[in-house]
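**Student:** Kindly return the folded structure for what I paste below:
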Amino acid sequence: MAHLIYIHDPMCSWCWAFRPVLNNLLEQLPEDMTYSRLLGGLAPDTDQPMPEKMRNTLQATWRRIQKKLPDTPFNFDFWTLNIPRRSTYPACRAVLSARALDASKEDAMTLAIQQAYYLHARNPSDDATLIDLADEIGLNGTAFQEVFQSPTTQQALESEIAQATRMGARSFPSLVLQHEKSAWPVAVDYHSADSMLETIELILD
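**Tutor:** Numbering: from 1, shown residues only. Next up, the predicted model:
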C-alpha cells in the first residue's frame, strides 16, 4: 500500500503558502492511498528575543513568497506587536497534542496556528497563545495543557524530527511517498498539484 507523508512545521511560511495546493493534492490522491503528517521542527525552544538579522530575514522571506505567490496573505504587524522568538517547537508540540486528544483536530490546530501567526499577528511561540487556540478549535483546555506540557509530547516531537531527517527532509514543506518498502521524494510545486500527482503516478507504476 502506498502512503504519502507531508513533513512540515506549523510556523513555516512556505508551508503556509503551500496549504491551498496541498489541500488540492490531497483531494485528488488515489482512493487506496493513505496519508499522514510529520512534524519536522524548524527551531527549538528559546526564551530569547529573535535577533534583528533573523527578523529581517524572515520578513524578506514573507515578501519573497508574496512576490512568487501573490495570493498568500501576511500581516506584517506581527513584527511590531510582538516580541518574536525563533522558536517553533511549542507550535509543533501543540499540533501533536491536538492529534493525541482528537486526531480530527490535528490540521485544525495547524491552521489555527498559521492564521494566528500570519493573519492575526498573534505569537505561536507563546504557550498562552497555543492554549487559547486549542480552546478556540474546541479542545478541552485543561486536557490540552496537560498533554502539551508532558515530556512524552516532547519525546514524540524529537522522534518525528528524527524520522523526517532519516527520510532526507532537509527543508519544509516536503513530501515523501512510501511504496514497496522504499521512500520516494515528491518535489513540491507551489502552483499546482498536477506535477506532484504525475510523480506519484510514475512511482506507483
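
**Student:** Can you show me the strands along this structure?
**Tutor:** 3-8, 34-39, 174-179, 182-186 (DSSP state E).

**Student:** Make a markdown table out of those and add distance to Ala156.
**Tutor:** Glycine gets a C-beta too; all of them are placed from N, C-alpha and C. As requested, those are exported to a markdown table (distance: least, CB to CB, whole Å):
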| stretch | distance to Ala156 |
| --- | --- |
| strand 3-8 | 15 |
| strand 34-39 | 9 |
| strand 174-179 | 19 |
| strand 182-186 | 20 |
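
**Student:** Of these, which stretch is the most buried?
**Tutor:** Between these, strand 3-8 has the highest mean count of neighbours, a mean of 22, where neighbours are mean count of other CB atoms under 10 Å.

**Student:** How far off centre is that one?
**Tutor:** For strand 3-8, the gap between its own C-alpha mean and the chain's C-alpha mean amounts to 11 Å (CA atoms, centre = their mean, to the nearest Å).

**Student:** and that strand, what does it pack onto?
**Tutor:** Under the contact definition 3 or more CB pairs under 8 Å, 6 or more residues apart in numbering; DSSP states H and E, strand 3-8 sits against strand 34-39, strand 174-179.

**Student:** Give me the angle between that strand and strand 182-186.
**Tutor:** Orientation note: strand 3-8 sits at an angle of 50 degrees relative to strand 182-186 (axes from the mean of the first three to the mean of the last three CA atoms, to 10 degrees).

**Student:** can you redo the strands of the chain as JSON lines with mean pLDDT and distance to Leu101?
**Tutor:** As requested, the strands of the chain are arranged in JSON lines below (pLDDT from 0 to 100; distance: least, CB to CB, whole Å):
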{"stretch": "strand 3-8", "mean pLDDT": "98", "distance to Leu101": "20"}
{"stretch": "strand 34-39", "mean pLDDT": "98", "distance to Leu101": "15"}
{"stretch": "strand 174-179", "mean pLDDT": "97", "distance to Leu101": "26"}
{"stretch": "strand 182-186", "mean pLDDT": "95", "distance to Leu101": "29"}
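
**Student:** Ok, which of the ones you listed comes nearest Gln114?
**Tutor:** strand 3-8 (10.1 Å; CB to CB).

**Student:** so how far is Leu111 from Ala91?
**Tutor:** Per CB to CB, to the nearest Å, Ala91 is found 12 Å from Leu111.

**Student:** Please identify which of these two sits among more neighbours.
**Tutor:** Ala91 (30 against 15; other CB atoms under 10 Å).

**Student:** For Lys67, give its distance to Leu81.
**Tutor:** With CB to CB as the criterion, Lys67 and Leu81 are 24 Å apart.

**Student:** the more surrounded of those two?
**Tutor:** Leu81 (13 against 9).

**Student:** Now that one: closest residue in space that isn't a chain neighbour?
**Tutor:** Residue nearest to Leu81 in three dimensions, not counting chain neighbours: Ala121, with 4.8 Å by CB to CB, 6 or more residues apart in numbering.

**Student:** how close does the one you found get to Asn75?
**Tutor:** Taking CB to CB, one finds Ala121 at 5 Å from Asn75.

**Student:** One more: Ala164?
**Tutor:** From Ala164 to Asn75 the distance is 28 Å (CB to CB).
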